[in-house]
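Engineer: okay, here's the prediction I keep looking at, along with the sequence it came from:
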Amino acid sequence: MTASISLPPLPRSANLRKTWATPAGSSFALLLCETARAHEGVVVAVTRDTHGARALEDELAAFAGDLPVLHFPDWETLPYDLFGPHPDIVSQRIATLYRLPSVRRGVLVVPVATLMQRLAPRTHIAGSGLSIARGQRFDLADEQRRLEACGYRNVPQVNEPGDFAVRGALIDIFPMGTREPYRIELLDDEIDSIRSFDPETQRSLQQVDAVELLPAREFPLTDEATKTFRERLRERFPIDVRRCALYQDMKAGVTPAGVEYYLPLFFENTETLFDYLHEGALFVVGEGALESSEHFWAQVDERHDQRAHDVERPILPPMELYLPPQGLREQLNQVLRIDLDSNDPRAADTGMRIAPDLRGDHRHATFAQKLREYRDANPEQRVLIAADSAGRREALLDQLAASELRPEVITNWQAFVRPETEFAITIAPLERGFVLEQSHIALFTERELIGERARSDRRRRISERDPEAIVRDLSELAIGAPIVHVDHGVGRYLGLITLDAGGSPGEFLAIEYAKGDKLYVPVAQLSLVSRYSGTAPELAPLHSLGGDAWERAKRKAAEKVR
């Protein structure tokens with residue numbers, strides 16, 4: 001059962017575009033879910049930027065229930081960058097592209113700049129996968145070549161999506177689009193068992209019958225594909241192949257950093273996300289998204305102008321990598337579409353209002369007293385409080401009890417919309433509360449009650465750092481300067497070095513820890529590293545690699561936040 005929301009009429013053809021008023025607070029996520037339940041097709045939410053896409057995806061989880069929610073993330077690199085996206089991002093992108101053609105209902109979230117991106121044709125994503133099952137014949141040498149042709153990296157130990165390792169009769173592999181790696185055990189030339197395993201402890205877990213291996217890259221790495229790439233590179237640009245590192249790397253079987261921005265050279269034709277979706281897809285274009293597409297195009301143009309004169313690493317024009325803003329508008333004009341616009345007086349009202357701010361002022365009333373006054377003044381309204389975590393929920397319950405307010409503790413939004421639930425509290429990652437006028441429901445988040453939220457998402461904070469700023473910060477470091485790895489703590493910077501990883505040379509950042517232990521961080525993971533900003537550099541601590549001093553420091557900092 002869901003809350004009673006009266007949706008404005010949905011568009012039934014591409015020439016009947018609708019405009020809705022932008023929903024208040026986090027009710028946009030609820031509106032998308034209700035729209036997806038009412039529409040026979042995927043609902044595509046287009047946001048103005050990556051930050052908005054992430055926040056919306058989090059909030060959708062609170063209302064979706066069993067409704068599929070898909071995310072197609074941005075590469076999180078700047079146009080024409082010289083390093084590639086993180087394997088976790090590539091894994092999620094490939095998994096979504098593989099799944100989209102078969103999805104008939106659900107919500108897909110995509111930043112507008114990512115919607116503009118030209119992609120590999122569907123035939124590459126659908127036709128480059130491998131299926132492995134127990135009892136299947138498995139020629140180790142042949143399958144290793146196939147994995148490498150699909151973009152998988154032969155490494156000493158599996159840690160990330162796209163890795164595989166061969167150890168005697170065992171093959172560890174981390175398939176793209178999965179949350180855990182798998183260990184394949186061979187008996188002669190047959191697969192005897194397939195088990196998931198923990199990459200941290202290397203302990204085998206559950207046994208499975210089969211594993212689907214999606215391609216590890218958004219482009220092919222077969223001998224034929226790399227040969228075609230080199231031929232097209234020579235045809236397009238007047239390069240000296242002996243001095244062009246891009247050409248030489250591809251010839252040597254090394255995947256160059258930043259090769260993603262040469263994707264059109266791998267294929268006869270590229271496609272866009274529009275091609276992966278069924279005709280019934282309904283696009284909900286967020287407020288400001290089309291304006292953001294103009295800003296993004298200007299950024300792409302600027303970066304192209306800055307890098308277009310490098311004769312040893314020539315670059316493709318923006319038109320071959322992205323839809324221009326006008327091209328994006330033309331595509332959107334051909335699909336079912338709803339625009340969100342708060343300033344359009346003709347926009348349909350969704351009946352969703354922002355929740356009042358009930359924060360206490362410490363002098364006249366606490367938030368609990370204000371909440372009591374609100375409930376007394378609005379007896380017809382049912383009230384739900386959304387806490388960020390179990391710990392925050394318990395803290396709120398204690399403060400509410402002091403004012404004799406005792407909400408029912410429920411598991412989720414679906415439990416609240418039952419008519420008998422009048423006042424409740426749940427855990428939901430919602431940013432701003434809202435009021436549903438027709439349903440007489442008010443939802444309050446921690447922000448409306450106690451101020452700013454106390455959330456912490458390490459991975460997202462890291463990935464939002466400007467890649468160019470990371471490189472610039474590190475280039476200013478002296479050898480021996482303190483440096484911080486988010487998982488291993490403070491060590492000493494030893495510079496950038498080249499190592500042979502899985503038979504291919506790669507560039508790594510070297511960090512020395514206590515007892516002379518060293519950590520080598522691939523340049524693709526520089527977002528995990530930052531300059532030390534605590535005490536004076538000469539007084540900076542030196543943690544032990546694998547020790548618990550850093551974990552204690554992180555727990556202490558987290559406790560202060562809570």
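Structural biologist: Alright, I've got the coordinates.
Engineer: contacting residues for the nearest residue to Ile125 once chain neighbours are set aside?
Structural biologist: Take Ile125 and drop its neighbours on the chain: the residue closest to it by Cβ to Cβ, 6 or more residues apart in numbering is Leu97, 4.8 Å away. Every C-beta, even on glycine, is put in place using the N, C-alpha and C of the backbone. Listed by Cβ atoms under 8 Å, 6 or more residues apart in numbering, the contact partners of Leu97 are 72, 119-120, 122, 125, 276.
Engineer: how about 10 Å then?
Structural biologist: Neighbouring residues of Leu97 by Cβ atoms under 10 Å, 6 or more residues apart in numbering: 70, 72, 119-120, 122, 124-126, 177, 214-215, 218, 271, 273, 276.
Engineer: just these: which are in strands?
Structural biologist: Leu70 (DSSP state E).
Engineer: tell me the buried residues in the strand ranked longest in the chain?
Structural biologist: The longest strand of the chain (DSSP E) is strand 489-501. Residues of strand 489-501 classed as buried by neighbour count (16 or more other Cβ atoms under 10 Å): 489-494, 501.
Engineer: next one: stretch 508-519
Structural biologist: Neighbour-count burial for stretch 508-519 [16+ other Cβ under 10 Å]: 508-514, 519.
Engineer: and the spatially most central residue of the chain, how far from Thr96?
Structural biologist: Centroid-nearest residue in the chain: Pro73, 4.7 Å away (criterion: Cα atoms, centre = their mean). Going from Pro73 to Thr96 by Cβ to Cβ, to the nearest Å gives 8 Å.
Engineer: any residues in contact with both of these two?
Structural biologist: By Cβ under 10 Å, 6+ apart, the residues touching both Pro73 and Thr96 are 109-110.
Engineer: now for the longest helix seen in the chain, which elements pack on it?
Structural biologist: Ordering each helix of the chain by length in residues (DSSP state H) puts helix 289-307 first. For helix 289-307, the packing partners by 3 or more Cβ pairs under 10 Å, 6 or more residues apart in numbering; DSSP states H and E come out as strand 42-47, strand 106-111, helix 112-115, helix 318-321, helix 325-332, strand 336-340.
Engineer: mean confidence for it?
Structural biologist: Averaging pLDDT along helix 289-307 yields 94.
Engineer: could you do stretch 353-369 as well?
Structural biologist: Per-residue scores along stretch 353-369 average to 79.
Engineer: centre of the chain versus that stretch, how much separation?
Structural biologist: 35 Å (Cα atoms, centre = their mean, to the nearest Å).
Engineer: what are the contacting residues of it?
Structural biologist: By Cβ under 10 Å, 6+ apart, stretch 353-369 touches 23-27, 370-374, 378, 383, 396, 398-405, 432-437, 442-451.
Engineer: buried members of these into PyMOL, please.
Structural biologist: Here is the PyMOL selection string for the buried members of the contacts of stretch 353-369, based on 16+ other Cβ under 10 Å:
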select buried, resi 23+24+25+26+27+370+371+372+374+383+396+399+400+405+432+433+434+435+436+442+443+444+445+446+447+448+449+450
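Engineer: in the stretch 251-400 of the chain, where is pLDDT below threshold?
Structural biologist: Within the stretch 251-400 of the chain, the segments meeting pLDDT under 70 span 362-364.
Engineer: cool, the chain as well?
Structural biologist: Using pLDDT under 70, the flagged stretches of the chain are 1-4, 362-364, 452-476, 501-504, 532-540, 546-562.
Engineer: make it 50
Structural biologist: 1-2, 454-465, 549-552, 555-562 (pLDDT under 50).
Engineer: for the nearest residue to Leu187 once chain neighbours are set aside, give its distance to Asp139.
Structural biologist: Excluding the flanking residues, the one nearest Leu187 by Cβ to Cβ, 6+ apart is Ala169, at 7.5 Å. From Ala169 over to Asp139 the distance is 13 Å, taken as Cβ to Cβ.
Engineer: next one: Glu446
Structural biologist: Distance from Glu446 to Asp139, by Cβ to Cβ: 57 Å.
Engineer: how far off centre is the longest helix of the chain?
Structural biologist: Taking mean C-alpha positions (Cα atoms, centre = their mean), helix 289-307 and its chain are 21 Å apart.
Engineer: can I get the CA coordinates of it in CSV?
Structural biologist: C-alpha atoms of helix 289-307 as CSV (Å, rounded to 0.1, in the frame of the first residue of the first chain):
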residue,chain,number,x,y,z
ALA,A,289,19.2,20.1,-15.9
LEU,A,290,19.1,21.5,-19.5
GLU,A,291,20.9,24.7,-18.4
SER,A,292,23.6,22.4,-16.8
SER,A,293,24.0,20.7,-20.2
GLU,A,294,25.0,24.1,-21.7
HIS,A,295,27.6,24.6,-18.9
PHE,A,296,29.0,21.2,-19.3
TRP,A,297,29.3,21.6,-23.1
ALA,A,298,31.2,24.9,-22.5
GLN,A,299,33.6,23.0,-20.1
VAL,A,300,34.2,20.2,-22.7
ASP,A,301,34.9,22.9,-25.4
GLU,A,302,37.4,24.7,-23.1
ARG,A,303,39.2,21.5,-22.1
HIS,A,304,39.4,20.5,-25.8
ASP,A,305,41.0,23.8,-26.7
GLN,A,306,43.5,23.4,-23.9
ARG,A,307,44.6,19.9,-25.1
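Engineer: can you mark which positions in that helix are buried?
Structural biologist: Buried, per 16+ other Cβ under 10 Å, within helix 289-307: 289-290, 292-293, 296-297, 300, 303-304, 307.
Engineer: ok, of these, which one's closest to Glu420?
Structural biologist: Ala289 (39.7 Å; Cβ to Cβ).
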